[in-house]
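Participant: Fold the following and give me the result.
(2 chains)
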Amino acid sequence: ILNVEQSPQSLHVQEGDSTNFTCSFPSSNFYALHWYRWETAKSPEALFVMTLNGDEKKKGRISATLNTKEGYSYLYIKGSQPEDSATYLCALAGAGSYQLTFGKGTKLSVIP
Amino acid sequence: EAQVTQNPRYLITVTGKKLTVTCSQNMNHEYMSWYRQDPGLGLRQIYYSMNVEVTDKGDVPEGYKVSRKEKRNFPLILESPSPNQTSLYFCASSPTRGLLNEQFFGPGTRLTVL
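Facilitator: Down below sits the predicted model:
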């Protein structure tokens, strides 16, 4: 079982603040890295799928970077809004595997 | 509308009573998967399927069975449910089996085994 770690577990930010969180994974066993956004009482929704070292992807105020050599990805949210409150999950697809291993998530609360 | 559907959405049952949770997708996706979500443990993969008649174990397959007789359907079977299978279950699908594409999740099934 691959070890995918996310930090912090939770954080509270004020509306308008920018924030970021980390997903760490074994650099020796990388194929693809997924980010999902999961709102309470809903299903996880995909944000990004990243495969290349140095890759940077953006969707509105949310962006992500990937470092496969050192085994981490950052998710950034610029100017947080209350509707950004959710749990953000990363998931690793390992080389040679058809499984997706999820981290435990970072729960973001944006205070109006 | 492109979607993944699951039924039932909520189920309360008793230990040992066989049950099936259905999952269906209308996007012609090759890859389908079942996950369970437990507090403090994150989403854990139970089984996955790369195509019709091709299934494989995930990280927590004990106590579960699956089948993939048609491309669109991927039911999860609990032959003899136990209380430790009380959980929130998600079905997901993806266009290809290589995990280079995002997964589309169903609405979830909350199962309670008494």
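
Participant: show me what contacts residue 31?
Facilitator: I went with chain A, as the question did not name one. A:Thr51, A:Leu92, A:Ala93, A:Gly94, A:Ala95, A:Gly96, A:Ser97, B:Leu99 (Cβ atoms under 8 Å, 6 or more residues apart in numbering or on different chains). Quick note: C-beta positions are derived from backbone N, CA and C, even for glycine.

Participant: my question was about chain B
Facilitator: A:Tyr98, B:Tyr48, B:Ser49, B:Met50, B:Asn51, B:Ser93, B:Ser94, B:Pro95, B:Thr96, B:Arg97, B:Leu99, B:Gln103.

Participant: List only those of those flagged as buried.
Facilitator: Among the contacts of B:Tyr31, those classed as buried by 16 or more other Cβ atoms under 10 Å in any protein chain shown are A:Tyr98, B:Tyr48, B:Ser49, B:Met50, B:Ser93, B:Ser94, B:Arg97, B:Leu99, B:Gln103.

Participant: how about B:Asn84, secondary structure?
Facilitator: helix (DSSP: H, G, I helix; E, B strand; the rest coil).

Participant: Distance of it relative to chain A?
Facilitator: B:Asn84 is 18 Å from chain A, where distance means Cβ to the nearest Cβ, to the nearest Å.

Participant: need the contact list for that residue.
Facilitator: Here B:Asn84 is in contact with B:Val113 (criterion: Cβ under 8 Å, 6+ apart).

Participant: separation between A:Gln99 and chain B?
Facilitator: 6 Å.

Participant: returning to that earlier point: just the closest of the buried ones among the contacts of B:Tyr31 to B:Gln3, please.
Facilitator: B:Ser93 (9.7 Å; Cβ to Cβ).

Participant: Spatially nearest residue to B:Asn28 (excluding sequence neighbours)?
Facilitator: B:Lys71 (6.7 Å; Cβ to Cβ, 6 or more residues apart in numbering or on different chains).
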